[in-house]
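Chemist: Build me a model from this:
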Amino acid sequence: MLNIALFGPPGAGKGTQSEYLIKKYNLFYLSTGDLLRKEIAEKTVLGLEAQSIISAGGLVSDEIIVQVIEKTITDHPEANGFLFDGFPRTYVQAYILEGLMLKLNTSLTCLISLDLPEEVCVQRLLNRGKTSGRSDDNETVIRNRLREYTEKTLPVLQFYKEKGICYEVNGLADIHQVTEEIETIVTGELAKQPLNILLFGYPGSGRDSQGKALAERFGLEFISTNEMLEYEIRNHTAIGEKIVHLYENGLLVPDDIVVQIIERRISEAKNVKGFIFKGFPRTLVQSYILDGLLRKRGTSISRAIELDVPVLDLINRLDERSKTEHSMAYDTSTARIVKRLKEHESKTIPVIARYAQLHGVTKVNGVGTFEEIFERLSSEIEQGFKNLR
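Modeler: Model (predicted):
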């Protein structure tokens, strides 16, 4: 998700740049003033509360504002992200936004500040006042607004400078130059975000071979829980010994062990552009675990892909695999194969449904030669990288 806070003193041209960002990146425009007016017009509980405060000459509290913002974000899951205008306006609100973003499993991508000298702002607004008819476009009011902006905004800018996501753009430049500089900033921030792919599919759909080939082609790290568990066993690690003991007693490997291995693998991966997850998450609980694990690292799932293969083809593939060195325990008979396919359906299909609701899941035809399927999947991943940018 791309979340941008656009700052700038009155007259800096935020309106023009906001329109560009909204259209370019499919962002939802989030202005606290507009949102409050909408709540008041619709006579919502928050709107009525805000109206009573305003009518009494008071300022709407941060508590109300943050509730309105949270409601707006959750009401627009289709947005690729949000453009914040007028929030955070104070140092305290910067902390509020951090907490809100954390709660919503996202973060502020960057803050872009349009830098413009005070006298230029004054002149622009005075010129606007000649045609706008706005009573507040007079020099006294303008300078008060600019002073208030400076006093409140400087601490907010410093807050995000310390986080390394605050960028200042020369507002004196030509409009097109300002737009180009903003696009460069956003592109740079998006390029830092890893591409995290979930590769779903029934046993026999080809996830393992395709996932490894895709990882090599795109500079991604392929994460397969089965392979990692086998590695621990082969190398007689402490975790491996626990896994063997579980297997010997007919028990499944618990999530706390799987999570340790995956988290370590992610931490050890260097200079990769992202991850391809195969075999995890396998259950709804594991899907929440993975989301939390990635959120801890400031990232999230970018794309979910499901390899779609007819059941009869799956049974034939698994039967053929049973005659090779790559045979799995459940490949030894048709009955076991069918049981494994049903197990996948009961446990993993709900996981796919969850991600379909959250991010959308793309189905890719898994029938054909290895090369044909590989190119179809590659096309989806290339699109994923384009969406990041």
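
Chemist: that's a strand at Ile305, yeah?
Modeler: Yes - per DSSP: H, G, I helix; E, B strand; the rest coil, Ile305 lies within a strand segment.

Chemist: Quick one: neighbours of Glu371, just the number.
Modeler: 9 (other C-beta atoms under 10 Å). No exception for glycine: its C-beta is placed from N, CA and C like everyone else's.

Chemist: Could you pull out the buried residues of the strand or helix carrying it?
Modeler: Assigned by DSSP states H and E, Glu371 belongs to helix 370-388. Under the neighbour-count criterion of 16 or more other C-beta atoms under 10 Å, helix 370-388 has Ile373, Phe374, Arg376, Leu377, Glu380, Ile381, Gly384, Phe385, Leu388 buried.

Chemist: Could you do stretch 158-165 as well?
Modeler: Phe159, Tyr160, Ile165.

Chemist: can you list the residues you listed in TSV and add pLDDT, secondary structure and distance to Ile301?
Modeler: Below are the buried residues of stretch 158-165 laid out as TSV (pLDDT from 0 to 100; DSSP: H, G, I helix; E, B strand; the rest coil; distance: C-beta to C-beta, whole Å):
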residue	pLDDT	secondary structure	distance to Ile301
Phe159	92	helix	28
Tyr160	93	helix	26
Ile165	93	coil	21
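
Chemist: Out of these, the closest to Leu21 would be?
Modeler: Distance to Leu21, by C-beta to C-beta, is smallest for Ile165 among those, at 15.5 Å.

Chemist: So that closest one versus Glu189, what's the distance?
Modeler: Ile165 sits at a distance of 7 Å from Glu189 (criterion: C-beta to C-beta, to the nearest Å).

Chemist: got any residues that touch both of the two?
Modeler: Applying C-beta atoms under 8 Å, 6 or more residues apart in numbering, one finds that Ile165 and Glu189 are jointly contacted by Thr109, Cys110.

Chemist: just checking, what packs against the helix or strand hosting Glu189?
Modeler: Under DSSP H and E, the secondary-structure element containing Glu189 is helix 175-192. With contacts taken as 3 or more C-beta pairs under 8 Å, 6 or more residues apart in numbering; DSSP states H and E, helix 175-192 sits against strand 2-7, helix 14-25, strand 110-115, strand 166-170.

Chemist: Give me whichever of the ones you listed is most buried.
Modeler: strand 2-7 (a mean of 24; mean count of other C-beta atoms under 10 Å).

Chemist: re earlier: could you give the angle of the helix holding Glu189 to helix 370-388?
Modeler: On the basis of axes from the mean of the first three to the mean of the last three C-alpha atoms, to 10 degrees, helix 175-192 is oriented at 130 degrees to helix 370-388.

Chemist: buried set for whatever helix or strand comes next after helix 175-192?
Modeler: For helix 175-192, the succeeding helix or strand toward the C-terminus, using DSSP H and E, is strand 195-201. If you call a residue buried by 16+ other C-beta under 10 Å, then strand 195-201 has these buried ones: Leu195, Asn196, Ile197, Leu198, Leu199, Phe200, Gly201.

Chemist: Kindly check the end-to-end length of stretch 18-35 for me.
Modeler: 16 Å (C-alpha to C-alpha, to the nearest Å).

Chemist: Output the helices and strands packed on helix 175-192 in CSV; the columns should cover distance to Asp75 and mean pLDDT.
Modeler: Below are these laid out as CSV (distance: least, C-beta to C-beta, whole Å; pLDDT from 0 to 100):
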stretch, distance to Asp75, mean pLDDT
strand 2-7, 16, 93
helix 14-25, 17, 91
strand 110-115, 24, 94
strand 166-170, 28, 95
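
Chemist: Return the helix or strand in this structure with minimum mean pLDDT.
Modeler: helix 118-132 (a mean of 83; mean pLDDT, DSSP states H and E).

Chemist: Check which helices and strands that helix sits against.
Modeler: helix 139-163.

Chemist: ok so, going back, how many degrees apart are the helix holding Glu189 and helix 14-25 in direction?
Modeler: Using the same axes, to 10 degrees, helix 175-192 lies at 50 degrees relative to helix 14-25.

Chemist: now the angle from helix 175-192 to strand 110-115?
Modeler: Going by the same axes, to 10 degrees, helix 175-192 makes 160 degrees with strand 110-115.

Chemist: how close does the residue with the largest distance to the centre of the chain sit to Leu290?
Modeler: No residue in the chain sits farther from the centre than Lys130, which is 44.1 Å out by C-alpha atoms, centre = their mean. Counting by C-beta to C-beta, the gap from Lys130 to Leu290 is 58 Å.

Chemist: Mind listing residues that contact the one helix or strand Ile73 maps to?
Modeler: Assigned by DSSP H and E, Ile73 falls within helix 62-74. Helix 62-74 is contacted by residues 28, 30, 32, 35-36, 39, 46, 49-50, 53, 82, 87, 92-93, 96, 100, 103-104 when judged by C-beta under 8 Å, 6+ apart.
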